[in-house]
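1. everything below, folded, please.
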Amino acid sequence: MEPAEAVTRLILRGPDPDGRVRELVADAFTRSGGDAARALTLAELATAWRPLVMTSDKLASAFALERRSPFLARDLVELSYRLPAEHKITGPAAGKRILRDAAKALGLPGEVWASRDKLGFASPVPAWLTGPLAPWADAQIRTALDDVPATLRPLLERGLEAGGRFDRFRMQALMAAAWFSDQTVKAAA
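-> I've put the predicted structure just below:
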């Protein structure tokens, strides 16, 4: 399998029927001049960066929060793209190398630059849907299963299977059930 196809599959975790994502990824590999790290960076910028920033902005605005992303400033992004991979990546577990090196050079304590305990914000929704809201979520999915077309049944059935802490299938099934229920109500009205 060629690299662009492999990366496309990783990004989508499924098919790319119209080939748009594969075209973006293939273009990133062509423009990178054979540098895999640069190709992956370009693919990330072409496929994920804008939706992530837009979602983050919408979520912050919905709760009247002012959000800043200083590391997404255009000049900094362009500079980091131009840096050779060996300045950015030292090993699989050594993320944020440049930031850690800068913090160390500034004399910040090791608790700052050597810390590995910082985690991103995780939504509590998956834990709720497999915990206290599990009976409700199951009922919503099962109710939709009675009426959905055969093509949607595997998605909804997958949402009823036991999943892990970050299982996206349950949420997808619940959203599909809600959408189908809404469409059914509109059609009946």
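
2. list the buried ones in stretch 149-160?
-> Of the residues in stretch 149-160, 152, 155-156, 158-159 count as buried by neighbour count, 16 or more other CB atoms under 10 Å. C-beta coordinates here come from the backbone N, C-alpha and C atoms, glycine included.

3. same question, stretch 10-19
-> Within stretch 10-19, the residues scored as buried using 16+ other CB under 10 Å are 11, 16.

4. dump it to CSV, keeping only the CA atoms.
-> Output of stretch 10-19 as CSV, limited to C-alpha atoms (Å, rounded to 0.1, in the frame of the first residue of the first chain):
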residue,chain,number,x,y,z
LEU,A,10,-5.7,6.4,9.2
ILE,A,11,-7.4,9.8,8.9
LEU,A,12,-10.8,8.5,7.8
ARG,A,13,-10.8,5.2,9.7
GLY,A,14,-13.0,4.1,6.7
PRO,A,15,-13.7,4.6,3.0
ASP,A,16,-13.1,7.7,1.0
PRO,A,17,-15.8,7.3,-1.6
ASP,A,18,-15.2,10.5,-3.6
GLY,A,19,-11.4,10.4,-3.1
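
5. which other residues reach it?
-> With contact meaning CB atoms under 8 Å, 6 or more residues apart in numbering, stretch 10-19 is reached by 8, 21-22, 25, 43, 47-48.
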